[in-house]
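A.B. asks: give me a 3D structure for the following:
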Amino acid sequence: MRFVSSCLLSVCVVGAAYAQDLAITDVTVFDGTGAAPYQATVMFDDGLISVIDKRAGDAPAGVPEIDGSGLSLLPGFFDLHVHYTPIGEPATTPQISEAYAAAGVTSVYDFAQPPEAFAPRRDWLKTLPGPRVNFAARMSTTNGHGADWSDTSTTKWVNTPYAAKEAVKELLPYQPDVIKVFTDGWRYGSGVDNTSMNEPTLTALVEEAHSNGLKILTHTVTKDRVEIAGRSGVDVVAHSVLDEHIDQDTINALKTAGTAYAGTLAVYNPDKFDTPDFDRQHPSFKARQARFQVGLDNMKALYEGGVLIALGTDAGMPRTPHGTSTLNEMELMVRAGLPAKAALMAGTSNSARAIGVYDQRGSIEVGKDADVVLIAGKRGMRFRIYTRRNTLSLAARWCSGKGRRSLSLTRIWRHPKWRAQRSTISIVKMAARHATRWLWGTRMAGLSAAGRSSNSGGWQARRCASPVGGSGAA
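C.D. replies: You can find the predicted model right below:
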C-alpha cells in the first residue's frame, strides 16, 4: 500500500474586521447528515458555521476566502479511543496532538490519564496545536483488565453495585468527560483471563453515571459480555467482539439500548504496513488473523443490523500510531463491508451522536462548531509526497483568489485575535485520489495513505486556544 503525506492547517480567524471570519467558496460538501454531497460556499463566524450557501456563490465583499474548487469539505474526524502515552507513536503530548491535527482529527477521547491529571493537562493542551482532548476516568474490577498494571488512583476497582455508584461519585470532582469501564477479562486466548464485571455492578455504574450526565464506554471483546453491555445501557462498546460471531440476540441487545459500537479494528489488524516478517512467521499470527476476521465480520453484521457504528482506534498501543490510525480505521470499515459513506459518518456524525455532542459538532450545519476538514484532490490524481516547502507553496495557491479578494493563510495564522476563538477550523491537504472518492461511494482502498509521511513541524498545525476537555466545554 502506498502512502501520501497529509498537511493540516488548523485556522482560527476572528470577524472583528469582516462581516464573516472566513468563506470557503464553491466547495464539495459532505456534511455528515446523510445527505448526498453538494456544492456550496460555507462561511464561518466567531468559530461557528454561519452560512451554507448551496448556490455556491462568491464570498461577500471584504470576507477572506479560500477557493474550494476541486476540494471537499467534511466534518472534523473523531476518535473515541486513544491513549496519550509515552509508549505510542509519536510519544510526546505535543507531537501526539500535532499528529491528530495533521490527519484532520478534531476530537479525541484519551483513556490513559489519572483523574488528578485532568485539570493540568487541560490547561496545557489549550496551548498546543491539536484536537479537542477529552478525558476518560477509568473503572475496572479487582484483578481486571486495566487494573492489572494500574494503581487504584488511575483505575477505580469496583466489584458490587454499591461500590460502583460510590466510585462514580468520587470521580465527579475531577470533571471527567466520560467513563471507561473494563468489563471483560478475556485475554484473546493468549494468557490467563482477568476478572470481568458482573451485570448488576455494570448496570448500577451506568445508572449513576447517566444521572450525572456522563457517558459510559467499555472494554468489551466477547459476545456474551457485549450483550451484558447492551442490557446494562452502556453508551459505546469501544472494542471489537473477537471470540465468536455475533447473532441477532447481540444485535437486539445493542439496538434496544442504543449502544454504539467502535470496533478499534486498527489495533487488532495483525498485518500492518510495518509488521516485520518474523511476526508473520510466528505461530500466533494465523490465530490473530482469524480473530481479526471475526472482528471484520462482526462489524459488518452490526452495521447491517442497524447498530450505530462509531470510530475508535486504541491509538497509542504498539503499531497503532496516532492520527493515521483514525484514517486507517475508516479504511478497515470499508474492508469489513461498510459503504464508504457509512465509514465517513462513523468517523464524524455517528461518533458525535454516540458521545452526546452532535448538537455542537460532527456535521456541517449552521450554528455548529467550525470543526471541519478541507481535503484537496481530484479524481485521477496520483499519490505525491510533499515536502514542507512545496506544501507551503500549495497552501498559498489555495488562497490565490484570482479576481477575488482573499486572505493568505499566513495572515490568518498571525491574526492577533485568533487565540480568542473557541473553535477550530481544521483544513487538511491530502493529495490522495481515494480521499475524494469517499464522496462518490466508490472503493476506498488507500484511505490510510493520508498521513504516513506527514510533516510534524508546528507550522502546519496552528490552531486557536479553544477549550479542550472539561465537562460542558464547548
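
A.B. asks: and Ala209, how close does it get to Arg138?
C.D. replies: Computed with Cβ to Cβ, to the nearest Å, the distance linking Ala209 and Arg138 is 13 Å. The way it works is simple: take the backbone N, C-alpha and C, and place the C-beta from them, glycine included.

A.B. asks: identify the contacts common to the two.
C.D. replies: In the contact map built from Cβ atoms under 8 Å, 6 or more residues apart in numbering, the residues linked to both Ala209 and Arg138 are Ile179.

A.B. asks: neighbour count for the two, which is higher?
C.D. replies: Relative neighbour count places Ala209 above the other of Ala209 and Arg138, with 27 against 24, counting by other Cβ atoms under 10 Å.

A.B. asks: helix, strand or coil for that one?
C.D. replies: helix (DSSP: H, G, I helix; E, B strand; the rest coil).

A.B. asks: and it, how far is that from Pro176?
C.D. replies: Shown here: Ala209 relative to Pro176, a distance of 9 Å by Cβ to Cβ.

A.B. asks: how about low-confidence regions in the stretch 101-250 of the chain?
C.D. replies: 150 (pLDDT under 70).

A.B. asks: ranges for the strands of the stretch 151-300 of the chain?
C.D. replies: 155-157, 178-182, 215-219, 236-237, 260-261 (DSSP state E, counting those that start in this stretch).

A.B. asks: what distance separates the last one from the middle of the whole chain?
C.D. replies: For strand 260-261, the gap between its own C-alpha mean and the chain's C-alpha mean amounts to 14 Å (Cα atoms, centre = their mean, to the nearest Å).

A.B. asks: check the second one too.
C.D. replies: Relative to the centre of its chain, strand 178-182 is centred 17 Å away, using Cα atoms, centre = their mean.

A.B. asks: what's the angle between that strand and strand 215-219?
C.D. replies: Counting by axes from the mean of the first three to the mean of the last three Cα atoms, to 10 degrees, strand 178-182 lies at 30 degrees to strand 215-219.

A.B. asks: what packs against strand 178-182?
C.D. replies: Applying 3 or more Cβ pairs under 8 Å, 6 or more residues apart in numbering; DSSP states H and E, we find strand 178-182 packed against strand 132-140, helix 199-211, strand 215-219.

A.B. asks: partner strands of that strand, parallel or antiparallel?
C.D. replies: For strand 178-182, sheet partners with direction are given as strand 132-140 (parallel), strand 215-219 (parallel), following DSSP bridges.

A.B. asks: those: which one's closest to Gly68?
C.D. replies: Distances from Gly68 to each of these were compared using Cβ to Cβ; the shortest belongs to strand 132-140, at 24.1 Å.

A.B. asks: just the CA trace of that closest one, in CSV.
C.D. replies: Taking only C-alpha atoms (Å, rounded to 0.1, in the frame of the first residue of the first chain), the coordinates of strand 132-140 have been written out as CSV:
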residue,chain,number,x,y,z
ARG,A,132,-10.2,18.8,21.4
VAL,A,133,-8.8,16.3,24.0
ASN,A,134,-11.5,14.8,26.3
PHE,A,135,-10.6,12.7,29.3
ALA,A,136,-12.0,9.3,30.4
ALA,A,137,-12.0,8.2,34.1
ARG,A,138,-11.2,4.5,34.3
MET,A,139,-13.0,1.8,36.3
SER,A,140,-12.4,-2.0,36.5
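
A.B. asks: tell me how far it lies from the chain's centre.
C.D. replies: Centroid displacement of strand 132-140 relative to its chain, using Cα atoms, centre = their mean, is 14 Å.

A.B. asks: how about it: buried residues?
C.D. replies: For strand 132-140, burial by neighbour count (16 or more other Cβ atoms under 10 Å) applies to 132-140.

A.B. asks: tell me the angle of it relative to helix 199-211?
C.D. replies: In terms of direction (the same axes, to 10 degrees), strand 132-140 departs from helix 199-211 by 150 degrees.

A.B. asks: ramachandran coordinates for Pro37?
C.D. replies: Comment: the main-chain dihedrals of Pro37 come out as phi -60, psi 150, following degrees, to the nearest 10.

A.B. asks: just the pLDDT for it.
C.D. replies: pLDDT for Pro37: 93.

A.B. asks: got the contact list for the closest residue to Asp274 other than its chain neighbours?
C.D. replies: The shortest distance from Asp274 to any residue other than its chain neighbours is 6.1 Å, reached at Arg319 (Cβ to Cβ, 6 or more residues apart in numbering). With contacts defined as Cβ under 8 Å, 6+ apart, the neighbours of Arg319 are 89, 272, 274-275.

A.B. asks: can you count the residues close to Gln289?
C.D. replies: Gln289: 14 neighbours (other Cβ under 10 Å).

A.B. asks: number of residues surrounding Lys169?
C.D. replies: Using other Cβ under 10 Å as the criterion, the residues surrounding Lys169 number 11.

A.B. asks: is it true that it touches Glu208?
C.D. replies: Yes. Assessed by Cβ atoms under 8 Å, Lys169 is found in contact with Glu208 at 7.2 Å.

A.B. asks: just to revisit the earlier point, just the buried members of the contacts of Arg319?
C.D. replies: Burial by neighbour count, 16+ other Cβ under 10 Å: within the contacts of Arg319 this picks out 89, 272.

A.B. asks: pLDDT-wise, what's the bottom of the contacts of Arg319?
C.D. replies: When those are compared, Asp274 shows the smallest pLDDT, 80.

A.B. asks: if I look at it, how far off is Thr320?
C.D. replies: When distances are taken as Cβ to Cβ, Asp274 and Thr320 turn out to be 11 Å apart.

A.B. asks: which residue packs closest to His81, ignoring adjacent ones?
C.D. replies: With Cβ to Cβ, 6+ apart as the measure, Gly312 is the residue that lies nearest to His81, at 3.1 Å, once sequence neighbours are left out.

A.B. asks: what is the burial count for that neighbour?
C.D. replies: With neighbours defined by other Cβ under 10 Å, the count for Gly312 comes to 33.

A.B. asks: ok, now which ones touch it?
C.D. replies: For Gly312, counting by Cβ under 8 Å, 6+ apart, the contacting residues are 79-82, 109, 217, 236, 238-239, 262-264, 329.

A.B. asks: tell me the secondary structure at it.
C.D. replies: coil.

A.B. asks: next one: phi and psi at it?
C.D. replies: The main-chain torsion angles of Gly312 are listed as degrees, to the nearest 10 and equal phi -140, psi 160.

A.B. asks: ok, the nearest residue to Gly258 once chain neighbours are set aside - contacts?
C.D. replies: Of all residues beyond its chain neighbours, the one nearest Gly258 is Leu308 (7.4 Å), with distances taken as Cβ to Cβ, 6+ apart. Residues counted as contacts of Leu308 (Cβ under 8 Å, 6+ apart) are 258-261, 350, 353-354.
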